[in-house]
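**Q** task: produce atomic coordinates for the following.
(2 chains)
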Amino acid sequence: KNEVEQSPQNLTAQEGEFITINCSYSVGISALHWLQQHPGGGIVSLFMLSSGKKKHGRLIATINIQEKHSSLHITASHPRDSAVYICAVLGGSQGNLIFGKGTKLSVKP
Amino acid sequence: GAGVSQSPRYKVAKRGQDVALRCDPISGHVSLFWYQQALGQGPEFLTYFQNEAQLDKSGLPSDRFFAERPEGSVSTLKIQRTQQEDSAVYLCASSLAGGGANIQYFGAGTRLSVL
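**A** The predicted structure follows:
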């Protein structure tokens, strides 16, 4: 069993739809990251959170430590949001990350 | 520089060839990570440096993989006698502080294809 599991694996949405991507993890963590990866490989950190909720523009990330679950929400989705969204948790005290396999999001105009 | 820079962006190697991948982290960043991302998978941890010290190399898949960061800034990941299964994107990330929960800044990666 993977330590970090994401769902769905693939997601197609129409422009304007509200999108939710889920992440469950089996290890104890101090922080969880949401990252965005565009074609060509570039990875951008969206959020790092250890409790509660964070919001940045149209993106909202929540985490429930007791349930070992996090969600990434995108409001009013746009085709430029199309990317792979990856959930990652800290693998140890050094800071190395354990990644989920990613959710490939495609937003159609 | 403004961000983490990796070179080359693409590398094609013949099986058995040695390759060297370079990472220039953000200036002043203490921590540097190497990850390997196979096609369709999430990245997997290879090794971690705090300044020039390699504190964790538990993710290196074999003794053909070697990483160094001799002056605590630029890092090189070397793969000897490349095999087809080494084909992947190699990502470098740096963060300002050592250990703990810090934002990691990623380079664009080096896509290695071993023929």
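**Q** got a list of what residue 13 touches?
**A** Here I'm looking at chain A. A:19, A:77, A:105-108 (CB atoms under 8 Å, 6 or more residues apart in numbering or on different chains). For the C-beta atoms, the positions are set from N, CA and C on the backbone; glycine is no exception.
**Q** that answer is for a different chain, and I need it for chain B
**A** By CB under 8 Å, 6+ apart, the contact list for residue B:13 reads B:19, B:82, B:112-115.
**Q** swap in residue B:110?
**A** Counting by CB under 8 Å, 6+ apart, residue B:110 touches B:6-11, B:21, B:89-90.
**Q** same check on residue B:114?
**A** Applying CB under 8 Å, 6+ apart, the residues near residue B:114 are B:12-15, B:17, B:82-87.
**Q** what separates residue A:97 from residue B:93, distance-wise?
**A** Going from residue A:97 to residue B:93 by CB to CB, to the nearest Å gives 8 Å.
**Q** okay, and the common contacts of the two?
**A** Common neighbours of residue A:97 and residue B:93 (CB under 8 Å, 6+ apart) are B:33, B:35, B:104.
**Q** looking at these, which one is closest to residue A:88?
**A** Using CB to CB, residue B:104 comes nearest to residue A:88 of the shared contacts of residue A:97 and residue B:93, at 8.8 Å.
**Q** what sits closest to that closest one if chain neighbours are left out?
**A** In space, and not counting its chain neighbours, residue B:104 is closest to residue B:93: 4.1 Å by CB to CB, 6 or more residues apart in numbering or on different chains.
**Q** secondary structure class for the one you found?
**A** Of the three states, residue B:93 takes strand under DSSP: H, G, I helix; E, B strand; the rest coil.
**Q** so who does it touch?
**A** Taking CB under 8 Å, 6+ apart, one finds A:43, B:4, B:32-33, B:35, B:104-107 in contact with residue B:93.
**Q** among these, which two are most distant?
**A** Across these, the two lying at the largest distance from each other (CB to CB) are A:43 and B:32, at 14.8 Å.
**Q** any weak-confidence spans in chain B?
**A** Within chain B, the stretches with pLDDT under 70 are B:1, B:98-101.
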